[in-house]
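Engineer: A predicted structure for the sequence below; I have some questions about it.
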Amino acid sequence: MSLSDVFEKVRAEDRAAFIAYLPAGYPTTEKSIENIDTLVKAGADLIEVGLPFSDPMMDGPTIQEAANVALEAGFRTREAMRVVREATERGGTCVVMSYWNPILQYGPEKFAEDLAAAGVRGTIIPDLIPEEAGRWRAAAEANGLSNIMLVAPSSTNERLQLTANASTGFVYATSHMGVTGAQSSVDSAAAELVARTREVTDTPVCVGLGVSNGAQAAEIAQFADGVIVGSALIKAAAKGTEELAALGRELSAGVRGEIN
């Protein structure tokens with residue numbers, strides 16, 4: 001299923017998409033594949049597969065720790081291709097989140113080619129700004145990959161326009177300034193940022209950073225096209241499959257308006 005298919009489907013159901021982030025290779029490659037499958041079965045519309053990296057500038061402690069576990073276990077970038085391939089074969093629709101350095105080391109054109117061959121639909125590269133993304137945008141377009149870029153509450157109107165113009169698939173709106181991590185409440189800046197972004201693009205706008213439960217997912221689903229959840233899912237996964245499945249179902253119910 002393409003990203004446009006995902007958003008057409010959720011729009012037809014009058015709801016937002018549930019986008020679940022999990023790092024490849026955490027705690028092992030096999031378990032990360034199983035965890036992704038668990039979330040697909042729990043109702044995740046889209047899986048954001050993180051590529052573990054030793055210097056994750058945007059990631060909070062939970063994702064950093066998970067990445068370290070994967071790297072210390074010997075995870076290598078090529079294994080991410082297997083993770084997304086198997087996730088896709090099990091019915092998941094995947095995008096990959098990676099910092100630019102591992103892609104540069106792998107070879108951007110080869111990375112895009114291998115991702116597409118594995119069934120990936122798009123990429124999120126948080127440290128690649130539009131002005132410096134020409135090479136990647138060309139590689140992504142040549143391989144049918146969406147190029148998902150980030151906007152923040154601090155983004156000027158000019159920056160919003162520039163980033164939205166460079167984004168395909170969806171725009172990733174960060175709900176607050178700072179690194180990732182579950183929050184106790186939804187930042188009030190999120191709704192304003194979505195509204196500002198929609199003034200300059202018709203591309204779906206999805207909100208990430210800080211969502212930890214179904215009630216927060218329901219709140220964001222009122223104004224965003226998608227709700228992105230990461231750290232809370234990693235914490236649940238550390239407790240076991242049943243805990244992860246339960247949170248996945250709760251978040252799925254939240255975006256579907258089944259939680260007040």
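Structural biologist: Done, it's in. What you see is a predicted model, and the numbers here were worked out from it, not measured in a lab.

Engineer: okay, stretch 105-118 in CSV with CA atoms only?
Structural biologist: Provided in CSV are the C-alpha atoms of stretch 105-118 (Å, rounded to 0.1, in the frame of the first residue of the first chain):
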residue,chain,number,x,y,z
GLN,A,105,28.3,5.8,4.2
TYR,A,106,26.0,3.2,2.5
GLY,A,107,25.7,5.3,-0.7
PRO,A,108,22.5,7.3,-1.1
GLU,A,109,21.6,5.9,-4.5
LYS,A,110,22.2,2.3,-3.4
PHE,A,111,20.3,3.0,-0.2
ALA,A,112,17.3,4.3,-2.0
GLU,A,113,17.4,1.3,-4.5
ASP,A,114,17.7,-1.2,-1.7
LEU,A,115,14.9,0.4,0.3
ALA,A,116,12.6,0.3,-2.7
ALA,A,117,13.4,-3.3,-3.4
ALA,A,118,12.5,-4.1,0.2
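
Engineer: quick one: buried residues of it?
Structural biologist: Residues 106, 108-109, 111-112, 114-116, 118 are the ones in stretch 105-118 that count as buried (16 or more other C-beta atoms under 10 Å). C-beta here means a position set from N, CA and C on the backbone, and glycine is covered the same way.

Engineer: S32 and Y26 touch, don't they?
Structural biologist: Yes. Between S32 and Y26 there is a contact at 5.4 Å, judged by C-beta atoms under 8 Å.

Engineer: Tell me how far stretch 43-61 lies from the chain's centre.
Structural biologist: Centroid displacement of stretch 43-61 relative to its chain, using C-alpha atoms, centre = their mean, to the nearest Å, is 7 Å.

Engineer: now do the same end-to-end measure for that stretch.
Structural biologist: End-to-end distance for stretch 43-61, by C-alpha to C-alpha, to the nearest Å: 26 Å.

Engineer: What's the mean pLDDT across that stretch?
Structural biologist: For stretch 43-61, mean pLDDT is 88.
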